[in-house]
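Engineer: here's a sequence, model it:
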Amino acid sequence: GEQFAQPFVDRRLRDKFKDLLVAGNPHLQAQVLQTIHILLAVTPEESTLFCNITAGWYLNQVVTSQFDFRNNEDLLPLWMTVVKDIATMMNSDNLMLFFDPGSAKPFPIFSEAIQYYHHPVSQVRTHVQATSLEIFLKLKEEDDWSGTLFQLVVRDSAVLFTHVCCLLRDFWRMADEAVQCGARRDVRSAICIQNDILMYLNDIFT
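Structural biologist: As a prediction, the model looks like this:
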């Protein structure tokens, strides 16, 4: 309830979270991202705490913090989980909380996430797919094709579809090489993944 949430607000814990993210320690960053993920999952939207952690484009600042994903294998999946959380809870009423037209990265839950679609870990690619599909769906529901946010997403989608094409090329090459070597298991694996990518494209344009 509010009695539980108020100390988080009074003690400015969101600012302390941000300081820990800025410190650059991957293990602390992972813990902060895990905490933010839990707070977004269990905090009612009408609560003071939820309003506090979403105000002032705070979550955009979380997403655009500097992370070194190489030093902690759990950090990137945690970061992608938070990004997906934000995309899922985004709607026409709170859209302005995640779109900052005056920022160098005005809509980072899309522009930052799509950079990781061409990633060797399937879990990361799945998160990127889920996040981007949520955003495309929300924009489709807005039905404002001339709006600034829609135009921005269309522009940034060039990066996403470049990664999609490169990934398809890689798996087609893998399938071709596996056929020539007689590695049937690798052929099935490559075809399965390329089918997933093609289904993702179908979902985008449906």
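
Engineer: for the rest of this, base every contact and every neighbour count on C-alpha atoms.
Structural biologist: OK.

Engineer: pretty sure Leu78 contacts Ala30?
Structural biologist: Yes. In this structure Leu78 lies within contact range of Ala30 using Cα atoms under 8 Å: 6.8 Å.

Engineer: find the nearest non-adjacent residue to Ile53, please.
Structural biologist: For Ile53, the nearest residue in space outside its immediate sequence neighbours is Arg14; the separation is 6.5 Å by Cα to Cα, 6 or more residues apart in numbering.

Engineer: give me the phi and psi angles of the spatially most central residue of the chain.
Structural biologist: Closest to where the C-alpha atoms of the chain average out (Cα atoms, centre = their mean) is Val83, at 3.5 Å. Torsion angles at Val83 (phi, psi; degrees, to the nearest 10) stand at phi -60, psi -40.

Engineer: ok, how many other residues are close to the residue lying closest to it once chain neighbours are set aside?
Structural biologist: Taking Cα to Cα, 6+ apart, and ignoring the residues beside it in sequence, Val83 has Ile109 as its nearest neighbour in space, at 5.7 Å. When neighbours are counted by other Cα atoms under 10 Å, Ile109 registers 26.

Engineer: next one: Arg12
Structural biologist: Here the count is done by other Cα under 10 Å, and Arg12 has 13 residues near it.

Engineer: quick one: it from Thr88, how far?
Structural biologist: Applying Cα to Cα, to the nearest Å, one obtains 25 Å for the distance of Arg12 from Thr88.

Engineer: the residue nearest to Val83 against Met89, yeah?
Structural biologist: No. Between Ile109 and Met89 no contact is recorded; they are 11.9 Å apart, counting by Cα under 8 Å.

Engineer: would you list every one of the strands in the protein?
Structural biologist: All residues of the chain lie outside strands when identified by DSSP state E.

Engineer: show me the shaky parts of it.
Structural biologist: Of all residues in the chain, those with pLDDT under 70 make up the ranges 1-2, 4.
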